[in-house]
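>>> show me how the following folds:
(chains A, B, C and D, ligands or ions: 4)
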Amino acid sequence: MKSSTAYTPGLLRTIFRQSYLVSLLLLIGAVLINYALQPNFFRPGVLNGNLQTFLPLMLLAAGQAVVVIAGGIDLSVGAIISLVNVVIVRLLGTHAGPTEILLAIGAGLLCGVLAGAFNGICVAYLRFQPIVTTFASSFVFSGLALWIMPSPGGSVPSALMDVFQGRLLGIPSALLIIVVILLLWNLLRATRYSRYLYAVGGQAMSAYITGVPVTRIRLSSYMLSGLMAALSALALVLGTGTGDPLVGSPMTLTSIVAVVLGGTRLSGGQGGVAGPMIGAAILSIILNIIAFANVPTWWQTLVNGLIVMIALAGPGLIALVRRQPA
Amino acid sequence: MNKSLKLNPALIALLLAIGLFVLGGLLRPGFASYSLAINILRLAAFLGIVAAGQTLVIIGGGEGIDLSVGSVVTLGAILVYHFSNGQDALVFPALAGAIAVGFGIGALNGLGVTLLRIPPLVMTLGMTGVVQGLILAVTQGALTGGSAQLMVNLVSSPLIFGVPGVVLLWLLVGAVLWVVLTRTPYGKQLFAIGVNRTTSRLSGVRVPAVLILTYALSGALAALGGFVLLGYTQRVFLNLGAAYTLPSVAAVVVGGTLLAGGEGSYLGTMAGALVLTILTSLLTTMELPESMRQIVYGLTLLLLLSAYGRQRKLRG
Amino acid sequence: MMIKISLAAQHLVKRYGGVTALADGGLEVRAGEVLALMGANGSGKSTLSKIITGVVAPDEGQLLLDDREVVFSSPQAAQRSGIVEVYQELSLIPDMSVAENIWLTHEPVTWPGIVRKRELLARTKELLDLFAGTISSSLQPDAPVRTLPPDEKQIVEILKALSLQPRIMFLDEATASLDSRQVERLFELMARWKAQGMALVFVSHRMEEIFRIADRATVLRSGKTVGSVEIARSNEQELVDMMIERGAVSRYIKRSAEREPRSTAPARLRVENMRTEVLRDVSLSLHAGELLGLGGLRGQGQNEILLAIFGAIPFSGTVELAEQRVNFTHPRQAMRKGVAYVPGDRSSEGLLPLRSILENLQLPSWMRYGPVLKLGKAREDAARIAKDLNVVMGSLDAPVSSLSGGNAQKVVLGKWLLREPQVLLLDDPTKGVDVDAKGEIYKILADLRERGTAIILYSSDDEELLGLCDRVLVLHDGKVQAELVGSTLTRSELVTASMGTERKSSV
Amino acid sequence: GGSEQGNSGNGGNGGSSNGPFTIGVSNGFVASEWRTQMIQDMQGVNAEYKKAGLTKDLVVQSADVDVNGQIQQIRNLINRGVNAIIIDPNSPTGLDSVIKQAKDAGITVICVDEAVSSPEAINVVIDQTEWARMSARWLAEQLHGKGNVVVVNGVAGHPANEARYDGVKEVFKQYPGIKVLNVVNANWDEATGQQKMADLLASQPNIDGIWVQDGMAQGVLQAVDAANPAKWPVIVGEARAGYLQLWQKVKQKHPDFTSYGVVNPPGAGASGLRVALELLQGKKFKDGTLKGDAHNTLFVPIPGKVDASNFEQQYAQVKDKPGTYTLDGSISEADAKAFFQ
Ligand SMILES: Nc1ncnc2c1ncn2[C@@H]1O[C@H](COP(=O)(O)OP(=O)(O)OP(=O)(O)O)[C@@H](O)[C@H]1O
Ligand SMILES: Nc1ncnc2c1ncn2[C@@H]1O[C@H](COP(=O)(O)OP(=O)(O)OP(=O)(O)O)[C@@H](O)[C@H]1O
Ligand SMILES: [Mg+2]
Ligand SMILES: [Mg+2]
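Ligands and ions are numbered 1, 2, ... in the order given. I've put the predicted structure just below:
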């Protein structure tokens, strides 16, 4: 049947069209609860500290979202983080000067893009199924990470970390980065390229016969995801000041939960990047809430799980209630 | 599209398994031994049984996937361990209980996916967190109980020709699932749903009911997997099953079942489980640094994927 | 003003594994003419046009553009040479807006690839105005395509092709889902484009359309081009004979006059003030062995009636089967009570493409073959019904996607006939089905009617309604506009009723 | 923004004071019996201090988190204004900056179970390298200095894993007769350990000895028991109830079976708590107590080992405990005071 959600014209539509509307409300709710439990939440220092810890997952979710919008999924982002993380720290060496720093960061980002390209070639040109392909490639990447740095170590020039943990142009660096990413996304959203992304994710065959370079777009989506993973890794390096070949793996599945929390459907062709970044923030804030709500030790994991489930179920529940009267 | 490649993926996977095993024998004298073959069969049985439910869920389509199997395996084992408490008489009641619980958790997944329209991947992932949380909250980390001798005999000790019971149990599961998928209305309807839900509904199939049942079965089979795994380890651990979640998906895909749904077989999954287990064992027995093991494992998996399970060409 | 061009396709061959989609396809079209591409279902029309527009890679054969050989490795390549197609199965992205869809790949952009939104909307408006008066107010540039009815989707698809300012345009069954006014408008436009020197290739199964719009016709038969004729110097019979081996033309089978429906007998189906999002107080009754037609413009609620009776959508009002109040909330319940529904959209609502013909036929009936299926029995029954409907197929185990339109439609019918329904609901069952297959479907319906099955038939083809039905309800704007029976069951009555008293809101 | 953290704690200024103190705990990995026992031990010890009016309830943050998540845990503890934070670190170096922030906020930071490189923190740990050396030496001696050995390690790339294996390599260097056939990683997971061991036994008939880290020895012994080779290899074990119970079971069949388990005490957390309280009360370490590269590590003694000599009484202690219970031990208040001037 035509499951066409009735078309509501005018201003209302433009509001409801925002895929991240629900997640934004959730975020506000979460922040308020957090604030209620932690009165000093809005202290610049505290807020900045929180943003720094949220940032890596937010960046990762943004990259994951791009792949998802283009109709794919990337289970290797965590491994890419680990790989880039150790590459950067290795190249920074013991006492790095400006050139080493630039070199290391450049190489790290390139490394992420290449890893993404590897996924992209397998999925777009060889037409493997995304989930298992990226699951398989994640072993390759984490293996490489282990090979490059068998056990955690290395250090990062404290000057560099201070830049990240301090302020740029008077704004907390983490906040600045988030804002820049969102602005860049809005710019991208206005380009033809972003329409290709949505077209490929929405209906690859239609996109192809319309003349969209499907294969290349798929490839590029994975490269973007790789790049964002690399940025996330960079944020981790600057936050932790060390290299760790295992650091990324726990973040992979979380990034996907963040994408969905952000109102971006895994079926592709819909949603955006802002939502998933919000989703990532929500997931991190839940940890704060649990921390400040004095949840008994043994119940923390359960409470966390339940809150996430409820957050995921929220939109569905609303829709369900809406469906009932009909 | 391409008929020659579609030519029964289950068979391809089986050939791959045998090929890998022989290759192992060449690379590593002593690999292709009877005892190791038996050992591989046993290990494959654990993965295979856990991947059984995964197969059903994936065939059901709609991005169907169950990432909660790992945690349910752990829960199942813990329940049997606790309630059987080492007494043969209590093994089967405990098993029944564990399977019932697994069934219930799966049903919740199904409800979330159908009624609340939560994408299966995140629904089941979230369920993992909840189940793990429940285990911690209830046990507070103290896992008490015992594993009955009966269970140990059933799983570990050889029954006939040194073949342990768990392998026979696996074959039984395989036979049952083959019947279920190809010879029952449920199976036919599951494939139909996997291909096209609108058509199925308009042909009188109760799509949500079938899906909820499917996720429930996946939970139940995962709990069964926990039972057999317990028979092997004889002790429970908080992360007993975690290592099975994603491999179970890989086994299904290597077995030639489409992640898109609507096409596949459990026989394929069984072969897939064998392939993955042989690969892991081979890598274990070769003297390689862990980093190399991981890289080789990943690349080989990619190679397997290239054999089939590719998506259709854009340009006909 | 466009330069004169000509396109010739010669000896094109395309095989899909076993199936040969196109054995020796060819056509020739010049600027400023409309070429009708004709042929039965599965004769290769779509394949031929898709090869020319670069979507399908041919196995053999060549393309000549202005007498120079060309190879299109992708749709873009063909587009660059000014060749575009209005695809039979459409090429729209559901979640994107009308404007985004129409201009995809050639949006007006400024550096660095930023799309000029305002200009985009303006240009889209211009295009939409071409169909002003035949489309609803909800067809706006920024409306998501997902929310549009089939006819308006089709129009967007046409405008999308037009927006590329082509020199050669293929329209593959572009009229199949349009209503009569929209077809009128399309023909006016085609005439205009033709005058401007565009070459048009027009695929349709509707004879009267061919004779109205086409200059020449090229006919395909089972993958081979069997010839071309000047429409002016030809007639329906000749074309039909070229299209199908046996000269047998379908004839509408009217009820034999002596067996009038026994209106005195209690109604098999009665519907009282049915209301849905679209329907407004529809009531009807249907007797055993009666064939009731639903007419009117597309999307006036015809298929909502069928879906509601079948329990597939919620509604208010009452439905009685054999004088018993029923309240179906799921098709399964309706199915159990002997109601059957053949959906309008074959591929997405009627079939399981990946699965075998057997599984498609038996999908509603598996329960009958025991908890552990007696496959032998199921196969027998399926084979029988497939034979009755003479479905042309490799075997019951062949994937249903290997069937051509007509045969696929017979499978959809067959899966319900297996259950010997009391009430049969049909949503445009001959849409995109060739003359030959149409005839066979008419015959099946007649037999069912003789055997006392109560049938409701919605058709977008007025001839069909007039030819087949005992009674026709004309719907307009969710209400029954008129009931045509006996003397009033005429074309003119049907058309006037279709338009309704007041015209539809037009932008 | 460490400096800004400074004023965000209430009463978080270390120095001399006599409580009651609030102690925070950050644990970044929950799916482990060892960690749960560690937390229970700490809660036990804290109960004493609470009765004495020295502390309030422990503020425990326990969740499966990545390094970054643990940084967030610690930040939250800082923002709650606890007086001391006891960390079981997910990374030896990754927490340095947040630990510094804690220090700047005047909070005492103790790392247990595993050492961190940050000079601002005090590590209260057993010497993981020595822990490994002990069992490696025992194994080498059992083999009379020659034989084929396989090693079953934990998570490749995990610092504790590397530290321990370094110790092992060190020892084996002194015994040229010992040949390491193969090294596998079973991720501190009993089931994985059992499966990998089964593979090794089936494919390598000539294994004389097995060195295995704790958390997997049980699985390894089970695999050996199941394969039951003609000549049993010498097996390093672990000091867990489950393993000792299995040991006892094996002894029934193979009276001459012997093994060796070094205690890796979850009580480390409790020890850390005691040290933390001394520091909070303004005590200073005796000179030379702190060792390690950063001179910030307090090695608490390894509480003991299980071998043939003391198996019986050790087994008696744990024969009714859940299999996951680890032989334990933590320093007494007196021991703790002994470290201070
Ligand atoms: N977006 C696209 N634009 C233009 N051509 C495309 C696009 N996507 C695919 N194609 C063409 O469609 C065909 C199928 O795509 P693909 O490259 O995956 O097939 P292939 O590589 O020939 O298959 P195989 O790997 O089995 O040989 C190829 O000829 C490719 O060049
Ligand atoms: N992708 C495909 N795979 C296999 N067979 C195909 C494919 N596409 C078309 N065919 C077969 O090729 C033949 C020609 O199909 P085509 O769609 O060109 O016919 P058509 O003339 O357009 O029919 P209709 O009038 O129903 O649109 C049919 O038998 C069809 O089943
Ligand atoms: Mg066609
Ligand atoms: Mg067709």
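>>> now do the same end-to-end measure for stretch D:77-91.
18 Å (Cα to Cα, to the nearest Å).
>>> could you do stretch A:232-251 as well?
Chord length of stretch A:232-251, first to last residue, is 10 Å (Cα to Cα).
>>> chain center to it: distance?
14 Å (Cα atoms, centre = their mean, to the nearest Å).
>>> now stretch C:466-475
So, by Cα atoms, centre = their mean, the centroid of stretch C:466-475 is 19 Å from its chain's centroid.
>>> let me see the mean pLDDT of it.
Across stretch C:466-475, the average pLDDT comes to 90.
>>> return the set of buried residues in it.
Buried residues in stretch C:466-475, counted by 16 or more other Cβ atoms under 10 Å in any protein chain shown: C:L466, C:G467, C:L468, C:C469, C:D470, C:R471, C:V472, C:L473, C:V474, C:L475. The way it works is simple: take the backbone N, C-alpha and C, and place the C-beta from them, glycine included.
>>> just the residues you listed: which are in strands?
C:R471, C:V472, C:L473, C:V474, C:L475 (DSSP state E).
>>> can you lay out those as a markdown table showing distance to A:A190?
Compiled in a markdown table, those are given as follows (distance: Cβ to Cβ, whole Å):
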| residue | distance to A:A190 |
| --- | --- |
| C:R471 | 56 |
| C:V472 | 51 |
| C:L473 | 50 |
| C:V474 | 48 |
| C:L475 | 43 |
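>>> which one of these sits closest to chain D?
C:L475 (60.1 Å; Cβ to the nearest Cβ).
>>> from chain A, how far out is the closest one?
Distance from C:L475 to chain A, counting by Cβ to the nearest Cβ, to the nearest Å: 17 Å.
>>> beta partners of that residue?
C:V480 (DSSP bridges).
>>> looking at it, it is touching C:A482, isn't it?
No. With contact defined as Cβ atoms under 8 Å, C:L475 does not count as touching C:A482 (9.2 Å).
>>> residue contacts, C:F211?
Applying Cβ atoms under 8 Å, 6 or more residues apart in numbering or on different chains to C:F211 gives the contacts C:I231, C:E236.
>>> now it: which helix or strand?
helix C:207-213 (DSSP states H and E).
>>> contact partners for the closest residue to chain B within chain D?
Taking Cβ to the nearest Cβ, chain B has its nearest neighbour within chain D at D:T36, 2.6 Å off. Applying Cβ under 8 Å, 6+ apart to D:T36 gives the contacts B:L136, B:Q140, B:G141, B:A142, B:L238, D:V30.
>>> and A:G262, what does it touch?
A:G262 sits in contact with A:19-20, A:23, A:61, A:65, A:271-272, A:274-280, where contact means Cβ under 8 Å, 6+ apart.
>>> distance check, the closest residue to it other than its chain neighbours against C:Y442.
In space, A:G262 comes closest to A:G275 once its chain neighbours are excluded; the distance is 2.9 Å by Cβ to Cβ, 6 or more residues apart in numbering or on different chains. Per Cβ to Cβ, to the nearest Å, A:G275 is found 53 Å from C:Y442.
>>> how about A:L102?
Taking Cβ to Cβ, one finds A:L102 at 77 Å from C:Y442.
>>> between these two, who's got more neighbours?
Using other Cβ atoms under 10 Å in any protein chain shown, the more surrounded residue of A:L102 and C:Y442 is C:Y442, with 19 against 11.
>>> residues contacting A:T94?
If you count contacts by Cβ under 8 Å, 6+ apart, A:T94 has them with A:S155.
>>> and it, what pLDDT?
77.
>>> what's the answer for B:A242, then?
According to the model, B:A242 scores 88 on pLDDT.
>>> now swap in C:R255 and tell me
56.
>>> for C:E157, same thing?
95.
>>> so which residue is smack in the middle of chain A?
Per Cα atoms, centre = their mean, the C-alpha nearest to the average position across chain A is that of A:A61, at 1.3 Å.
>>> hang on, C:Q140 is in a helix, isn't it?
No. Secondary structure of C:Q140, determined by DSSP: H, G, I helix; E, B strand; the rest coil: coil, with no helix assignment.
>>> does it touch C:V98 like I think?
Yes. Assessed by Cβ under 8 Å, C:Q140 is found in contact with C:V98 at 6.8 Å.
>>> quick one: which of these two has more around it?
Between C:Q140 and C:V98, C:V98 has the larger neighbour count (other Cβ under 10 Å), namely 27 against 18.
>>> report the contact partners of the more buried one.
C:T124, C:L128, C:L139, C:Q140, C:P141, C:D142, C:A143, C:P144, C:V145, C:L148, C:V156.
>>> need phi/psi at C:T110.
For C:T110, the backbone dihedrals (degrees, to the nearest 10) come out as phi -110, psi 170.
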